[in-house]
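Novice: Give the three-dimensional model of this entry:
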Amino acid sequence: MADEFKFDDQQPPPSDTGGGDEALPVDGFFDMSGIVDGDKAKAMNKTAHELKGIAKKGGFAINQAGFDTYTNLCRKFIDNYGPNKRRLEILQKNAPLGDFPYANAVATFNVQVADGSPDSLIPNLELMADGYRTMLETLEIAKKNYDESDHEAKINFAKLNQEST
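Specialist: Now for the predicted structure:
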């Protein structure tokens, strides 16, 4: 359980967003295990951008309960990542471990793990932050889609009621 991310309410997000029966590419989006896994961070970011494209075309809608839950999940990451981003800058510098070859090698290695390649910690966190920001935009679009379809349904039902009377 040490590597498992849990939110305050300890409840998984709802699987029914009220948007229909079509499967959407969201499997694992909110799975925080393996947070520093480069492949997971890339897949999560890609999923957010793909889902935004689907929502823009009207293919994704979300009801208020789903919107509230997923928005809160996204906000928790973004709100915690922002203030801690400055702290991560420390990891981009060699720690003063001493002035001998082994200490310098360890300090250099630590910087490489933090920010030495696209699969390092900081680039993966940046990908995830971008994914969560994109998902917030996606949720806004999807909520608008849901509200518009709900409004259209109400108009159609009102017309049916008028015609039947």
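Novice: Tell me the pLDDT of the spatially most central residue of the chain.
Specialist: Centroid check for the chain by C-alpha atoms, centre = their mean gives Tyr132 as the closest residue, at 3.2 Å. According to the prediction, Tyr132 has pLDDT 95.
Novice: Asp147 versus that one, what's the distance?
Specialist: According to C-beta to C-beta, to the nearest Å, Tyr132 and Asp147 sit 23 Å apart. C-beta: built from backbone N, CA, C; applies to glycine.
Novice: tell me which strands and helices the longest helix seen in the chain is in contact with?
Specialist: Criterion DSSP state H: the longest helix present in the chain is helix 121-164. Under the contact criterion of 3 or more C-beta pairs under 8 Å, 6 or more residues apart in numbering; DSSP states H and E, helix 121-164 touches helix 38-56, helix 64-89, helix 101-115.
Novice: Measure how it sits relative to helix 64-89, angle-wise.
Specialist: Calculated by axes from the mean of the first three to the mean of the last three C-alpha atoms, to 10 degrees, helix 121-164 forms an angle of 170 degrees with helix 64-89.
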